[in-house]
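Chemist: output the structure for:
(one chain, ligands or ions: 1)
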Amino acid sequence: MSEGSDGGESAEIPDEAVLDALFATIEDRKERLPEGSYTASLFTHEKGENAVLEKIGEEATETILAAKDDDDEELRAEAADLVYHLLVLFARKDLDVADLQTELRDRF
Ligand SMILES: N=c1c2ncn([C@@H]3O[C@H](COP(=O)(O)OP(=O)(O)OP(=O)(O)O)[C@@H](O)[C@H]3O)c2ncn1[C@@H]1O[C@H](COP(=O)(O)O)[C@@H](O)[C@H]1O
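Modeler: As a prediction, this is how the structure comes out:
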């Protein structure tokens with residue numbers, strides 16, 4: 001995994017801005033398609049959208065298994081993988097973090 005679009009200063013990102021910063025990095029990879037970027041590979045994969053959909057399925061399964069194992073460290077890591085791949089799907093669909101936040105806020 002390479003550095004984010006801000007040059008790797010992730011420790012300076014406040015918790016509440018992490019999803020926006022990650023999504024900005026994903027959008028950057030989508031636009032520039034840099035060599036060696038895993039994120040970029042999800043936008044150029046020969047399977048098309050199925051590449052990220054399959055990863056979401058895998059990460060969801062791994063999240064469930066971590067929960068069943070009562071392995072909180074693994075659960076945190078797999079849940080992060082799942083959220084990251086969901087955000088890549090959002091970027092593919094021209095949706096963004098604000099769309100997700102609006103959907104969740106409207107449920108309060
Ligand atoms: N948050 C993530 C992130 N989470 C998970 N992943 C990748 O998602 C993949 C998860 O796949 P698996 O768990 O199945 O692990 P694997 O053994 O590598 O599996 P395969 O990919 O080989 O199938 C791994 O390659 C992880 O590196 C991520 N890749 C990138 N990011 C973010 O995206 C930014 C840009 O990264 P690049 O795309 O590398 O430029 C990074 O700085 C991060 O902030």
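Chemist: touching the ligand at all, the helix or strand hosting residue 28?
Modeler: Using DSSP states H and E, residue 28 falls within helix 18-32. Yes - residues of helix 18-32 are located near the ligand by C-beta under 6 Å from any ligand atom, namely 22, 25, 29. C-betas here are computed from N, CA, C, even on glycine.
Chemist: ok, residues contacting the helix or strand following that helix?
Modeler: Counting by DSSP H and E, the next helix or strand C-terminal to helix 18-32 is helix 38-44. With contacts defined as C-beta atoms under 8 Å, 6 or more residues apart in numbering, helix 38-44 is touched by 1, 25-26, 29-30, 32-34, 51-52, 55, 85, 88, 91-92.
Chemist: top of those by neighbour count?
Modeler: residue 26 (26 neighbours; other C-beta atoms under 10 Å).
Chemist: give the contact list for it.
Modeler: Contacts of residue 26 by C-beta under 8 Å, 6+ apart are 39, 87-88, 91.
Chemist: run the last query once more with 10 Å
Modeler: By C-beta atoms under 10 Å, 6 or more residues apart in numbering, the contact list for residue 26 reads 4-5, 37, 39-40, 42-43, 84, 87-92, 96-97.
Chemist: which stretches of the protein have low pLDDT?
Modeler: 1-8 (pLDDT under 70).
Chemist: quick test: name the residue nearest the centre of it.
Modeler: residue 84 (1.4 Å; C-alpha atoms, centre = their mean).
Chemist: that one reaches residue 29, doesn't it?
Modeler: No - look at residue 84 against residue 29 with C-beta atoms under 10 Å: they stay out of range, at 11.6 Å.
Chemist: show me where the protein has helices.
Modeler: Ranges of helices within the chain are 18-32, 38-44, 49-68, 72-92, 97-105, based on DSSP state H.
Chemist: how about the shortest one against the ligand, any contact?
Modeler: Spelled out, that is helix 38-44. Yes - judged by C-beta under 6 Å from any ligand atom, helix 38-44 and the ligand are in contact via 38-39.
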